[in-house]
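Q: The sequence and its predicted three-dimensional model are supplied below.
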Amino acid sequence: MTTEVATAPEDLVVEHRVAQVPVSRAQRFGACGALVVIGLVTLWRFGIDGHHHQDASIRLGSNFAKHVPHFTVPAVPVAWVAGGLTILLGLLWLVVPRRRWFGPVMGVGITLFVVALICWLASASSFAYVDVVGLLTSGIALSVPLILGALAGVMCERSAVINVAIEGQMLAGAWAAALFGSVIGAAAGLLSAAVAGALMGWLLAVFAIRYLVNQVVLGVVLNVFAAGLTGFFYDAFMQPHSQSLNEVAVLENHKVPLLGDIPVVGPLLFDTGYIVYLTYVLIVLVDVWLFRTRWGLRTRAVGEHPKAADTVGIRVLAMRYRNVILGGAIAGIGGSYFVFAVGSFSKNITSGQGFIALAALIFGRWSPRGAVGAALLFGFASAMQTTLSINAPSIPSNFVAMVPYLATILAVAGLVGKVRAPAADGEPYVKG
Amino acid sequence: MSEQTVDPAADPQAVLTSSQQDDEPPRGFWARYARANSLVVTLLAFVTAMILGGLLIAVADPRTQDASHYFFQYPWDTFRYGFAAIGHGYVALFQGAVFNPHTAAKGTWAGYVGPISETLTNATPLILGGLSVGLAFRAGLFNIGGQGQVIAGAICAGFVGFHWQLPPGLHLLLGIIAGALGGAAWGGLAGLLKAKTGAHEVITTIMLNYIAVSLLAYLLSVKGFQAPPYGQAISNTVHKSAQLPPLLGSSVRVHGGLILALLAAWFVHWLLTKSTLGFRLRAVGANQFASRTAGMSVERSYITVMLIAGALCGLAGVSQILGTNSQLTGDIDAGIGFDAITVALLGRANARGIVAAGLLFGALHAGGTQMQSATGTPIDLVQVIQSLIVLFIAAPMLVRAIYRLKGSTSGVAGELAKGWNG
């Protein structure tokens, strides 16, 4: 499109056209196929094979709370409608694919599937009711470390340092939170988690920026290092003295005065632990930081075109150091959440969540909002998996566990539009 | 620090041949030491990592901790106990990995060769995995998917092993082939995605790892796969006819997987140095654009190398399920996928180096177990030492800075200094 403008300078007429980016064949047929398959599964599994003559009882809140909205819906008809709509949506997409609609269309399709799934679950005879708010709450709880890890990744990778070491930074944070949280107090634990994460971030920065080590190699090695070191100190000190060195106060819920009283949203978002509130703040902060401040503009410049940034006087390496260390601190806080959720540290407590955070970062296309959305999606998938594995053994919950990873593969394979990392991501900058 | 300005990406060939790169070897030990070829850097990296590991041993030692409370009254005690702890720890490490006079004193065969057998048993999958990662390195790909490929290989080999009834030799052969194919499929998928869509192999292989973990977890809950009485996540036992034969008698664990690993090392060596395909792979790894201009199919190279790399990791899975263990469990991969990356880096991505690195890390693992039981030093120390060695090797400039050396070889990792988009 730019060439058209460039080749006709003598006309002096600039033609404005809204470019209609065509949808690739893979995306067109792939998305249609996916939606039709989801629809057929819904029809077959929850419709034809569903629990007939039983209504689904759904509550928006736990059984213990008073005045909880609840309602019953006929599960099988819901499945028929949801399945039919999903198939219709898929066919509609095939006929008129529009790039901008891709996200919403897939979102609606997946939502319909989840609705039918929950109704099916609630109509099972073994079940009195399904608490949707409870499900969402556990989804958010599982998302918090993912969100923080993904935000850490955004900070690093926007300044062009690949962060595969999110896992290691979280693990270091978790370890420090447990140690200092039990010796001094919860606040000190949180602070030291940030410091430990920042130290791991500093290691990543030094080796990536100063010693020019390949950043993916480095990330992997740092993960091994963090796992080894925390495991070593856990066995050497914390486990023998677990009473004094590995026992922190479990995160308590604090209700926000007014917001906490809103019917469904209140208990869901404004009646949780302080790390979750901190997460809200950090989400806004990172987004504003990156896109509304001078710092953010420079960070993004350094990540996209370090030479140009250097030419206009931005200190490229310093920007990278700062962002990677800050990112590490955020990941460290994310790691501390694992400890504060259960009250103690155990070996490899992060269990690969750092890599899911990495997936969320990529699935969210290296933007804070996208990363948070992806982290929430992955968190809810995880909560759904737990619920299914307990309550519906007939559905193989392990396949639900694969969803985040499959989604990420499809994303990087170009099925969800073009996923593009910051242009200089992973490339060391050497002046000259 | 003028060498800091050396762009590692500009001279990839220097990395591949860094060990023979010195044009004119200087005379005299110190002159040679100061020139610091990559072998010296490797040794120094190992020594430095062991020193730092020793510090950790001393810190974790209870007697040293007690003595440190009165450090300012009588500092000698702290040092004495500290050094004693380090000595005991590393002696136990050696005894667990090479030769243990205490067990040898019993006079049994297992007492003599037990430690060596443990080292070789641990080294077998590490060598295979290291070859996989190293081969992919040479073609410019970073195979983080060892875990998934090991699991895929183990699933396939295990299934053939416990589900089919075949005569001894044939059964084993088919099990090995099935494992290699399983791993190849899992690795090839990442290569295919890279070739057809440009999806970065690091991202896809990490994701495929977790998919494999979930798949294994699912299979371990399915009847026909899971062992009765279906209470535990453990598979049926592989038939005797499909198990790799023991190499040093049935009293110690080392098994025929080692032969497989050495054959694979020979194959990779031949592939990289003698074959046309290996030349193509190395060319693509050194400069994909030049290779494309020269008429090579970069895409086909990616698929081919990931198929072979996957098959090698699949063989590591074979060694796990048909050799070391006989039942599939959730942690059948035993962290080989990630350890393999460190093996490949330490081995500088060539077959001989990888065999040596695999043996070293196998020895560290075997010794670490003995060290934990003899002195109480946590085995996680091995992971720390391992990662430190690789960290120092990947950053030779740091090692040179510590030991005040001159030299200009860049790290093996620098070769791949490229981003998600590259």
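A: Nice, thanks for sending it over.

Q: For the stretch 201-350 of chain A, what lies in contact range of chain B?
A: For the stretch 201-350 of chain A, the contact set with chain B under C-beta under 8 Å from any C-beta of the partner chain comprises A:207, A:210-218, A:220-225, A:227-229, A:231-237, A:347. The way it works is simple: take the backbone N, C-alpha and C, and place the C-beta from them, glycine included.

Q: try it again with 10 Å
A: A:203, A:206-208, A:210-237, A:239-240, A:347-348 (C-beta under 10 Å from any C-beta of the partner chain).

Q: burial count for residue 277?
A: Just going to use chain A. For A:Tyr277, the neighbour count with other C-beta atoms under 10 Å in any protein chain shown is 14.

Q: my bad, chain B
A: B:Leu277, neighbours per other C-beta under 10 Å, totals 14.

Q: got it, and A:Ala341?
A: Using other C-beta under 10 Å, A:Ala341 has 16 neighbouring residues.

Q: ok, it - contacts?
A: A:141-142, A:144-145, A:250-251, A:273, A:275, A:349 (C-beta atoms under 10 Å, 6 or more residues apart in numbering or on different chains).

Q: Using the three-state scheme, assign it.
A: Following DSSP: H, G, I helix; E, B strand; the rest coil, A:Ala341 is assigned to helix.

Q: Could I get the contacting residues of the closest residue to chain B within the stretch 1-150 of chain A?
A: In the stretch 1-150 of chain A, the residue that lies nearest chain B is A:Ala26 (7.9 Å; C-beta to the nearest C-beta). Counting by C-beta under 10 Å, 6+ apart, A:Ala26 touches A:410, A:413-415, B:196-197.

Q: Those, buried ones only, as a ChimeraX selection?
A: Restricted to buried positions by 16 or more other C-beta atoms under 10 Å in any protein chain shown, the ChimeraX selection for those reads:
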select /A:410,413,414,415 /B:197
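
Q: Does A:Leu40 touch A:Gly83 like I think?
A: Yes. Applying C-beta atoms under 10 Å, one finds A:Leu40 in contact with A:Gly83, separated by 7.0 Å.

Q: of the two, who's got more company?
A: A:Gly83 (24 against 15).

Q: which ones are touching the more buried one?
A: If you count contacts by C-beta under 10 Å, 6+ apart, A:Gly83 has them with A:38-48, A:112-113, A:116.

Q: Restrict the strand or helix carrying it to CA atoms and write it as PDB.
A: Here A:Gly83 sits within helix A:75-95, counting by DSSP states H and E. Written as PDB, here are the backbone C-alpha positions of helix A:75-95 (Å, rounded to 0.1, in the frame of the first residue of the first chain):
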ATOM      1  CA  ALA A  75     -29.400 -28.500  30.400                       C
ATOM      2  CA  VAL A  76     -30.100 -30.500  27.200                       C
ATOM      3  CA  PRO A  77     -32.000 -27.800  25.300                       C
ATOM      4  CA  VAL A  78     -29.200 -25.400  26.300                       C
ATOM      5  CA  ALA A  79     -26.700 -27.800  24.800                       C
ATOM      6  CA  TRP A  80     -28.700 -28.000  21.600                       C
ATOM      7  CA  VAL A  81     -28.900 -24.300  21.200                       C
ATOM      8  CA  ALA A  82     -25.300 -23.700  22.100                       C
ATOM      9  CA  GLY A  83     -24.100 -26.400  19.700                       C
ATOM     10  CA  GLY A  84     -26.300 -25.200  16.900                       C
ATOM     11  CA  LEU A  85     -25.200 -21.600  17.400                       C
ATOM     12  CA  THR A  86     -21.500 -22.600  17.400                       C
ATOM     13  CA  ILE A  87     -21.900 -24.500  14.100                       C
ATOM     14  CA  LEU A  88     -23.800 -21.600  12.600                       C
ATOM     15  CA  LEU A  89     -21.100 -19.200  13.700                       C
ATOM     16  CA  GLY A  90     -18.500 -21.400  12.100                       C
ATOM     17  CA  LEU A  91     -20.300 -21.500   8.800                       C
ATOM     18  CA  LEU A  92     -20.900 -17.800   9.000                       C
ATOM     19  CA  TRP A  93     -17.200 -17.300   9.400                       C
ATOM     20  CA  LEU A  94     -16.500 -19.400   6.400                       C
ATOM     21  CA  VAL A  95     -18.800 -17.300   4.200                       C
END
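
Q: Now the element after it, going C-ward?
A: helix A:102-123.

Q: How many neighbouring residues does A:Ser346 have?
A: Count around A:Ser346 with other C-beta under 10 Å applied: 16.

Q: contacting residues for it?
A: A:174, A:178, A:231, A:234, A:238-239, A:246, A:338-339.

Q: What of A:Leu190?
A: A:173, A:176-177, A:180-181, A:248, A:274-275, A:278, A:332-333, A:336-337, A:339-340.

Q: ok, of the residues you listed, which come out buried?
A: Buried among these by 16+ other C-beta under 10 Å: A:173, A:176-177, A:180-181, A:248, A:275, A:278, A:332-333, A:336-337, A:339-340.

Q: got those residues as CSV, with secondary structure, pLDDT and distance to A:Lys431 columns?
A: Conversion of the buried ones among the contacts of A:Leu190 to CSV gives the following (DSSP: H, G, I helix; E, B strand; the rest coil; pLDDT from 0 to 100; distance: C-beta to C-beta, whole Å):
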residue, secondary structure, pLDDT, distance to A:Lys431
A:Gly173, helix, 97, 33
A:Ala176, helix, 96, 35
A:Ala177, helix, 95, 38
A:Phe180, helix, 94, 39
A:Gly181, helix, 93, 42
A:Val248, coil, 87, 45
A:Ile275, helix, 91, 40
A:Leu278, helix, 94, 37
A:Gly332, helix, 97, 30
A:Ile333, helix, 96, 33
A:Ser336, helix, 95, 37
A:Tyr337, helix, 95, 39
A:Val339, helix, 94, 41
A:Phe340, helix, 93, 43
